[in-house]
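Peer 1: fold the following and give me the result.
(3 chains)
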Amino acid sequence: MAAAPPSRALGGITGNATALRVTAGILIVMAFVPLLHSGYYENLGRSVLMFATLSLGWNIIGGYAGYVSFGNVVFFGLGSYVTAALWQHWHQQSIVLAILCAMVVGVAFALVLGMPILRLRGHYFGIATLGIALATQEIVSNIDWLGAGSGLTVRPVDAYSTYYYAMWIVCAASMLATYLIARSKLGYAFVAIRENEEAAAVLGVDPTRYKVVAWAISAAMAAAAGAVFAGANGFMDPPTAFALDNNVFPIVMAILGGVGTVAGPLVGALILTAINETLWSHFPQIHTLFFGAVIVVVVVFLPRGLLWLFNTRGGWKGIVGSLGAYRV
Amino acid sequence: MSEAFLSIQNVAMHFGGLRALDDVSFDVERGSVLGLIGPNGSGKTTLMNIVSGVYKPTHGSVYFNGKRIADVPTYAVCRLGIARTFQVVKPFANLSVRENVAVGAMYGRNGSKRNAAASFERAQELLEIVGLARVADRHASDLTIPDRKRLEVAKALALDPEVLLLDEVMAGLNATEVDEALELLRTVNARGVTLIVVEHLMKAIVSISTAIVVLAEGQKIAEGAPAEVLASPRVIEAYLGTRYAERQRQRQAQS
Amino acid sequence: MQLFWQDLVNGLLVGGIFAVVALGFSLVWGIMNIINLAHGSFVMLGAYLSYVLFSTWHVDPFLSIPIGFVVLFVFGYCIQRFVINFVVRAPILTTFLLTFGLSLLIVNFALLVFHGDVKGITTQYSGSNFSIGGVTIAWVKLWTLIVALVITALMQLWLTRSKTGRAIRAMAMDIDAAQLSGVRVAHLYAIVFGLGAGLAGAAGVLISLSYSLQPSMGDPFVITAFVVCVLGGLGSVQGALLGGLIFGILEAFGSQYIGTGLQDAVALVVLLIVLIVRPRGLLGKATA
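Peer 2: Next up, the predicted model:
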């Protein structure tokens, strides 16, 4: 068997270096979208950036730390409501203020809830987070201060492209943060937990502490995205804030692009948004149906995502071969 | 309260009705190599798990430098200075060999003094010592069995331990590989690390241990210098059965 | 005080349904280590099947129960054998997402076929009830509970006495050993999944008797099933039953004293408390 290429080409835990450079390039190019003066493309681009951020957030706890959260939308929703509440009750429009407050709220939520539920292993955490997301949506629907079921309006800052740039900054910051984490001791703590939690503990990594940190980071990212979204959307109610799409799409995007890599989430966001747009315009009736099919196909054939495709020994043949690995 | 280096005192481990360990006591001297032997099921791995903080004993305690191990959470045991290898070797599959060892260097006893770069340097040093420098960049899952065992030792050493527990590290190695492993262990011991070695390979144990403890059915049945312990009839009986022990006694009586 | 007993009884009555739903979920989770997020959609399919049979051929829903079971069993068997089987030993994320994707497919398919408007079944006996000591009990709900108990008992018997049942339990303990012993694991896995789906289908039929139908009706049941399994303990039929009944009661009281819109919040609080205080549940086996 030929010697495997050196680890730097495998990208360590940042992911394939070339893919990362290309993706970073795409991100920079996206900063110029508002110059097209097209509402459609700006919306689309902002949507990609939002989903990429959510996916980057999920990638920290789900991809790097290996703890699948099925409820990260709760942070997005809370972040959205922070913006809405800031306007409704204190007449604050500042995006920066909204983002900072949202991040604080998100992190606090993750710390408080994370302590009990991250003590346990994978399965429980996954559905517990789903339960948290659903329950929070329900609770918010019953709180009048947050507009209960009818929601709150948010007055957007006048220059529309501001929200685009804000989302871009949030996304770029998230990606940079992921990159820095992946190259630092912290990233290795996460990955060690993912690969073998018991062995990680024996090597000195406190699993609960680092899982909570991972979740808190992902909460901060999701909350920031939510804070910007609320302003751009102009309105916030429970179904919008806690939409299932915002919960699941980021996960599928991370998978498609490559879990546990820095570039994966954005790549996945770009591809899936493109697919979604195409489906929307051609098959509006059954686009969710198709999406379900896309998820099924992606999960079965590309369990590790596109970027891992470039890392797997044997490329395509490796993928086909690995199809047999998980079956009985 | 014993001020001994590592002191196992009246340790018992019950799993429901099963008594895996029953009132086991012995001390380990600093700098020594203790061989822990016994037939299958005698409780050796259980004892290792207790000393490394993975299990909490049902009764009794293990004291290390005066501190009780059971008081400390599993992830903090390495900071006391105790490291171990596992019988079933499962490295971090998706990380390179160097990265595997680096994790220990990052979070072990001296981890807080190192950043990522320093941890990788330390990992490289350790890989040289155990002989894995040539595969430093390979995926850990690609290694051969002997190399995986070396990786286990390197990861444990990354924790800068005072005591290293080795759980059947020679299993699955051929004669040459066993000799290489013994060499490595001697090198490690010479650097001041106390070793507790659990092994089935008698030759290996005899050649490397300064003292031996024998367990059978959860109890300590012998303790002392290798030669006398292995000649002890009780030990022979535990391993080879009463009939063989009887024949051995008759042979000795006749000679 | 009256209200207390009424709530208690209401809780028990609905708890039976929870138990059956949870049982199917628990089997798949306990034996195949798959958390089936499409379980709720199976419940929904069972309910709609009952509706279709009733509105087209006037089949009484109680008779649809075995039909629902069989149809969903076959459906589940095929899904496992030909789709899920590819990733059955993969990490949880993969199966989570796969079953979620399936759930999206199934629910949206139902949306296309049946449309989103709320439907219901009204039989001759729908409204009739009786009273004991001031507590009103609807006949339909009582019979639902009885059927649920029967189903649970039958399942327990089958798992412990039948050859297939025992093979399944052996497989759950050690899949490689079972395979080496000649157990046809792929087939058995499909049977287990089919059973899970069948039970969900039967529960769906039971639900159609007392509750209204819409394509998204199954979603809350996944959380319910999960909480009941955690509460009652995984890997135990009695656990699913006990958990279901208790959870039904908790929800009934929660509805009464905290508010009707907060079912999920109640479920979540119960879940968190159980996970913190006694993770293996009331009757579950402690795992290492």
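Peer 1: buried stuff in stretch C:174-189?
Peer 2: C:I175, C:A178, C:V183, C:V185, C:L188, C:Y189 (16 or more other Cβ atoms under 10 Å in any protein chain shown). Backbone N, C-alpha and C define where each C-beta goes, glycine included.
Peer 1: count of residues packed around residue 138?
Peer 2: No chain specified, so I'll use chain A. By other Cβ atoms under 10 Å in any protein chain shown, the residues close to A:E138 number 20.
Peer 1: oops, I was thinking of chain C
Peer 2: There are 18 residues near C:A138, going by other Cβ under 10 Å.
Peer 1: re the thing from before, and the buried residues of stretch C:174-189, which is closest to chain A?
Peer 2: Here the nearest of the buried residues of stretch C:174-189 to chain A, counting by Cβ to the nearest Cβ, is C:V185; it sits at 4.6 Å.
Peer 1: that older thread, cross-check the buried residues of stretch C:174-189 against chain A and keep the overlap.
Peer 2: Residues of the buried residues of stretch C:174-189 in contact with chain A (Cβ under 8 Å from any Cβ of the partner chain): C:I175, C:V185, C:Y189.
Peer 1: restricted to helices, list those residues.
Peer 2: C:I175, C:V185, C:Y189 (DSSP state H).
Peer 1: tell me the contacts of the second one?
Peer 2: If you count contacts by Cβ atoms under 8 Å, 6 or more residues apart in numbering or on different chains, C:V185 has them with A:V328, C:M171, C:I175, C:A178, C:Q179.
Peer 1: for chain C, what helix or strand is lowest in average pLDDT?
Peer 2: Here the helix or strand of chain C ranked lowest by mean pLDDT, DSSP states H and E is helix C:175-180, holding a mean of 76.
Peer 1: against which helices or strands is that one packed?
Peer 2: Counting contacts by 3 or more Cβ pairs under 8 Å, 6 or more residues apart in numbering or on different chains; DSSP states H and E, helix C:175-180 is packed against helix C:163-173, helix C:185-210.
Peer 1: go again using 7 Å as the cut-off
Peer 2: helix C:185-210 (3 or more Cβ pairs under 7 Å, 6 or more residues apart in numbering or on different chains; DSSP states H and E).
Peer 1: what's the angle between the helix it packs on and helix C:163-173?
Peer 2: 110 degrees (axes from the mean of the first three to the mean of the last three Cα atoms, to 10 degrees).
Peer 1: quick one: buried residues of helix C:185-210?
Peer 2: Buried, per 16+ other Cβ under 10 Å, within helix C:185-210: C:185, C:188-210.
Peer 1: go through the buried residues of stretch C:174-189 and say which is closest to chain B.
Peer 2: Using Cβ to the nearest Cβ, the buried residues of stretch C:174-189 come closest to chain B at C:I175, 17.7 Å.
Peer 1: quick one, strands of the stretch 151-255 of chain B?
Peer 2: Along the stretch 151-255 of chain B, the stretches classed as strands by DSSP state E, counting those that start in this stretch are B:163-167, B:194-198, B:211-216, B:219-224.
Peer 1: quick check: which of the ones you listed is nearest to B:R114?
Peer 2: Taking Cβ to Cβ, strand B:163-167 is the member of those nearest to B:R114, at 19.7 Å.
Peer 1: list the neighbouring strands of the closest one plus their orientation.
Peer 2: Partners of strand B:163-167 in the sheet, by DSSP bridges, are strand B:82-84 (parallel), strand B:194-198 (parallel).
Peer 1: near chain C, which residues of the stretch 1-150 of chain A show up?
Peer 2: Contacts of the stretch 1-150 of chain A with chain C, taken as Cβ under 7 Å from any Cβ of the partner chain, map to A:62, A:68, A:70, A:116-117, A:120, A:122-124, A:126-128, A:130-132, A:134-135, A:138-139, A:141-142.
Peer 1: among the residues you listed, name the buried ones.
Peer 2: A:62, A:68, A:70, A:117, A:120, A:122-124, A:126-128, A:130-132, A:134-135, A:138-139, A:141.
Peer 1: residue of the stretch 51-200 of chain B closest to chain A, please.
Peer 2: Closest point on the stretch 51-200 of chain B to chain A, by Cβ to the nearest Cβ, is B:Y107, at 3.4 Å.
Peer 1: which SS class is the nearest residue to that residue once chain neighbours are set aside?
Peer 2: Closest residue to B:Y107 apart from its sequence neighbours, by Cβ to Cβ, 6 or more residues apart in numbering or on different chains: A:G204 at 3.4 Å. Classification of A:G204 using DSSP: H, G, I helix; E, B strand; the rest coil returns coil.
Peer 1: can you name every helix or strand that the helix or strand containing C:G16 contacts?
Peer 2: For C:G16, the host element (DSSP states H and E) is helix C:2-32. The elements that helix C:2-32 packs onto, with contact taken as 3+ Cβ pairs under 7 Å, 6+ apart, are helix C:39-57, strand C:135-138, helix C:139-161, helix C:163-173, helix C:185-210, helix C:219-232, helix C:237-257.
Peer 1: quick one: contacts for the residue of the stretch 51-200 of chain B closest to chain A?
Peer 2: B:Y107 is in contact with A:A189, A:L203, A:G204, A:V205, counting by Cβ atoms under 7 Å, 6 or more residues apart in numbering or on different chains.
Peer 1: closest to A:P265 out of those?
Peer 2: A:A189 (20.2 Å).
Peer 1: the helix or strand hosting that closest one and chain C in contact?
Peer 2: In this structure, A:A189 sits in helix A:185-195 according to DSSP H and E. No. Applying Cβ under 7 Å from any Cβ, one finds helix A:185-195 separated from chain C by no less than 9.6 Å.
Peer 1: can you list contacts of that helix?
Peer 2: In contact with helix A:185-195 (Cβ under 7 Å, 6+ apart) are residues A:13, A:64-66, A:181, A:200, A:203, A:205, A:207, A:210-211, A:214, B:92-95, B:99, B:102-103, B:106-107, B:115-116, B:119.
Peer 1: any low-confidence regions in the chain?
Peer 2: This is for chain A. Applying pLDDT under 70 to chain A flags residues A:1-12, A:158, A:160, A:285, A:303-328.
Peer 1: switch to chain C, please.
Peer 2: Along chain C, segments meeting pLDDT under 70 span C:285-288.
Peer 1: I am finished for the moment; much appreciated.
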